[in-house]
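Engineer: Build me a model:
(4 chains)
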Protein chains: 2
Amino acid sequence: MITERQITSILKKRGYKLTPQRKAILKVITQSYDHLTPYNIYERVHQESPDVGLVTVYRTLDLLTKLGLICEVHAEGNCHSYLVKRPSEQHHHHLLCSQCGTVVDFVDCGVEELQERLCQKTGFEIHDHLLEFVGCCRNCQKTTPS
Amino acid sequence: MITERQITSILKKRGYKLTPQRKAILKVITQSYDHLTPYNIYERVHQESPDVGLVTVYRTLDLLTKLGLICEVHAEGNCHSYLVKRPSEQHHHHLLCSQCGTVVDFVDCGVEELQERLCQKTGFEIHDHLLEFVGCCRNCQKTTPS
DNA sequence: CTATAAACGTAAACAGTTTTCATTTGTAGC
DNA sequence: GCTACAAATGAAAACTGTTTACGTTTATAG
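Structural biologist: Presented below is the predicted three-dimensional model:
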């Protein structure tokens, strides 16, 4: 996981100010293993720092997106859920727990072969792909043995 | 592609009424090879049948979702884009053209192996996955040679 | 042809996100 | 440490996409 400190240093380098609000938001999202909606983040930040507004959460998410520091999570209904990127993993995908929201990264998706096959068959030039797995993590299996 | 007629017959069987509005909406979405947003559908339907409202489009999409006759498309920003299911393909995925929106289905995603590996490694029970490819179709490659 | 429940359109409500604008604040330069 | 200024913020309003409420219309079984 990228640490709060690392992001802080990136912001500084790029000339962005280090406000207490941004620090509070960064703390929340870097310390979470879940994917969080803007409102989720707002709630958590608000507990510790009630002076931070929802609008600032949106603005900070925009900034982090622009800097490429967060990724979206699509599966599980909500399409606007965010997650701090782990370091040095340019190409990676997510495995989500549908109960607790925990996200695990994985790197070797191995779809290149399939992609090549599809290009051949369809004549498409393929630029990108989206891959997510959804399941139940080890912890949640204990609590809800289905 | 499932035909208008096939869906019509499913609706009848399940006791839903065959209103002119539903017929107009079905005509549009069964005849499109793109993924369409509710508003896209509304626009197209509206041209032919100006008496059909946007709310009815939403209601019809709900119905088709409930009956499992349409699927969502996630990649490409808009997460509320829909597409009629092709027949008899229970498990399939999509390849999208980012220029014209055309969607091609493919069946053999071959991620079972990866899924098994992830289960072993993480202890997750994996229930589902989301896989989409995005690229440029043969036609659009001609018009925009990049 | 009739009765009835389902479906419809319009308008209003709602949720999530973005914009506006006046005020506050982090930081570079002194 | 002060100062000046652009950047960032909060509160309120605006916007967009979606859902709900409700009185009216209509497809269909009998």
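Engineer: going forward, measure contacts and count neighbours with C-alpha atoms only.
Structural biologist: Noted.
Engineer: in chain A, what spans have low per-residue confidence?
Structural biologist: Within chain A, the segments meeting pLDDT under 70 span A:87-89, A:145-146.
Engineer: Show me which residues of it are close to chain B?
Structural biologist: Proximity of chain A to chain B is confined to A:74-75, A:79, A:97, A:109-111, A:114-115, A:122-138 under the rule Cα under 8 Å from any Cα of the partner chain.
Engineer: quick one: buried residues of the longest helix belonging to chain A?
Structural biologist: Using DSSP state H, we find that the single longest helix of chain A is helix A:54-66. Within helix A:54-66, the residues that qualify as buried are A:L54, A:V57, A:Y58, A:T60, A:L61, A:L64, counting by 16 or more other Cα atoms under 10 Å in any protein chain shown.
Engineer: Relative to the whole chain's centre, how far out is the strand of greatest length in chain A?
Structural biologist: Criterion DSSP state E: the longest strand present in chain A is strand A:125-136. Computed by Cα atoms, centre = their mean, to the nearest Å, the chain-centroid distance of strand A:125-136 equals 14 Å.
Engineer: what do you get for stretch A:54-74?
Structural biologist: 9 Å.
Engineer: Contacts (any at all) between DNA strand D and that stretch?
Structural biologist: Yes - legend: contact between stretch A:54-74 and DNA strand D by Cα under 7 Å from any atom of the strand is shown at A:L54, A:V55, A:T56, A:R59, A:T60.
Engineer: so which of those residues also contact DNA strand C?
Structural biologist: Checking the residues of stretch A:54-74 next to DNA strand D against DNA strand C (Cα under 7 Å from any atom of the strand), the matches are A:L54, A:V55.
Engineer: Pick the one among the buried residues of helix A:54-66 closest to DNA strand C.
Structural biologist: Closest approach between the buried residues of helix A:54-66 and DNA strand C, by Cα to the nearest atom of the strand: A:Y58, at 5.5 Å.
Engineer: Give the closest residue to the closest one in space, chain neighbours not counted.
Structural biologist: What sits nearest to A:Y58 in space, not counting adjacent residues and going by Cα to Cα, 6 or more residues apart in numbering or on different chains, is A:P38, at 6.5 Å.
Engineer: quick revisit: give me the residues contacting whichever helix or strand comes after the longest helix of chain A.
Structural biologist: Remark: after helix A:54-66, the chain's next helix or strand is strand A:70-73, criterion DSSP states H and E. Strand A:70-73 has contacts (Cα atoms under 8 Å, 6 or more residues apart in numbering or on different chains) with A:H35, A:L64, A:T65, A:C79, A:H80, A:S81, A:Y82, A:L83, A:V84, A:K85, A:H94.
Engineer: Now with 6 Å, please.
Structural biologist: Here strand A:70-73 makes contact (Cα atoms under 6 Å, 6 or more residues apart in numbering or on different chains) with A:S81, A:Y82, A:L83, A:V84, A:K85.
Engineer: burial of A:G77, as a residue count?
Structural biologist: By the measure other Cα atoms under 10 Å in any protein chain shown, the count of residues near A:G77 is 9.
Engineer: got it, and A:I25?
Structural biologist: 23.
Engineer: dump the residue contacts of the residue nearest to A:D34 when sequence neighbours are not counted.
Structural biologist: If the residues on either side of it in the chain are set aside, A:D34 comes closest to A:T102, at 4.3 Å by Cα to Cα, 6+ apart. A:T102 makes contacts with A:Y33, A:D34, A:L96, as judged by Cα under 6 Å, 6+ apart.
Engineer: Against which helices or strands is the helix or strand harbouring the last one packed?
Structural biologist: According to DSSP H and E, A:L96 maps onto strand A:93-97. Using 3 or more Cα pairs under 6 Å, 6 or more residues apart in numbering or on different chains; DSSP states H and E as the contact criterion, the elements in contact with strand A:93-97 are strand A:103-106, strand A:125-136.
Engineer: between that strand and strand B:125-136, how many degrees?
Structural biologist: 150 degrees (axes from the mean of the first three to the mean of the last three Cα atoms, to 10 degrees).
Engineer: Now do the spatially most central residue of chain A against A:T102, distance only.
Structural biologist: Nearest to the mean C-alpha position of chain A, by Cα atoms, centre = their mean, lies A:L83 at 1.8 Å. Distance of A:L83 to A:T102, computed by Cα to Cα, to the nearest Å: 10 Å.
Engineer: Fine by me, we can end here.
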